[in-house]
Every structure is written in C-alpha cells, then in structure tokens.
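Engineer: got a predicted structure here, sequence first:
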Amino acid sequence: MENGKYVSDNYVIHCQLNAGALIILTDKRVIAVKKGMMSHNWESDWAEEWHNCAKVNISGDGLKLKITTKV
C-alpha cells in the first residue's frame with residue numbers, strides 16, 4: 001500500500017467498515033484505507049500517528065479513539 005510508505009509499521013489489527021473501507025491499527029499509527037474506484041487497489045484515505053491521538057478508550061462496546069490534529 002502506498003508504495004511502501006508504511007513499511008516500517010507493524011500491523012496490529014484491522015476493522016472492516018464496509019466492502020470498500022478499513023481502519024488499520026499499527027504500532028505507529030491508525031490508518032483509514034479505501035479501495036480505489038478505478039484501480040481497485042487499497043490506498044490510504046488518511047493516517048494519524050499515535051502521539052496525535054488524545055486518548056484510546058476500550059469499553060464493552062469497542063475501541064474509541066479521539067484524534068486531534070495540529071494546526
């Protein structure tokens with residue numbers, strides 16, 4: 001994916017949102033990926049490193065992430 005952009009990341013888990021979208025968690029970041037309309041290849045829609053995530057909560061109904069961005 002992305003010509004090796006995330007090659008140094010170690011995969012942890014993923015969650016399929018629908019047939020054309022996934023959230024991937026690695027040891028370094030959270031990545032939203034989607035299947036390209038024309039190429040049908042998986043490509044990152046956005047990614048954020050863990051240090052930019054305010055807090056990760058694990059509760060009975062799942063994993064909750066709050067992502068902030070620096071302006």
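Structural biologist: Everything's here; your move. No experiment lies behind these values; they were computed from the predicted model shown.

Engineer: which residues of the protein fall in helices?
Structural biologist: Here the chain has no helices by DSSP state H.

Engineer: residue contacts, the residue nearest the centre of it?
Structural biologist: Centroid-nearest residue in the chain, with C-alpha atoms, centre = their mean: Ile31, separated by 1.8 Å. Applying C-beta atoms under 8 Å, 6 or more residues apart in numbering to Ile31 gives the contacts Tyr6, Ile23, Ile24, Leu25, Ser44, Trp46, Ala47. In this view, the C-beta of every residue, glycine as well, is placed from N, C-alpha and C.

Engineer: from Met38, how far off is the residue lying closest to Thr26 once chain neighbours are set aside?
Structural biologist: Spatial nearest neighbour of Thr26, excluding adjacent residues (C-beta to C-beta, 6 or more residues apart in numbering): Asp9 at 3.7 Å. Per C-beta to C-beta, to the nearest Å, Asp9 is found 26 Å from Met38.

Engineer: point out where this structure drops to low pLDDT.
Structural biologist: Within the chain, the ranges that satisfy pLDDT under 70 run 1, 54-58, 63, 65-71.
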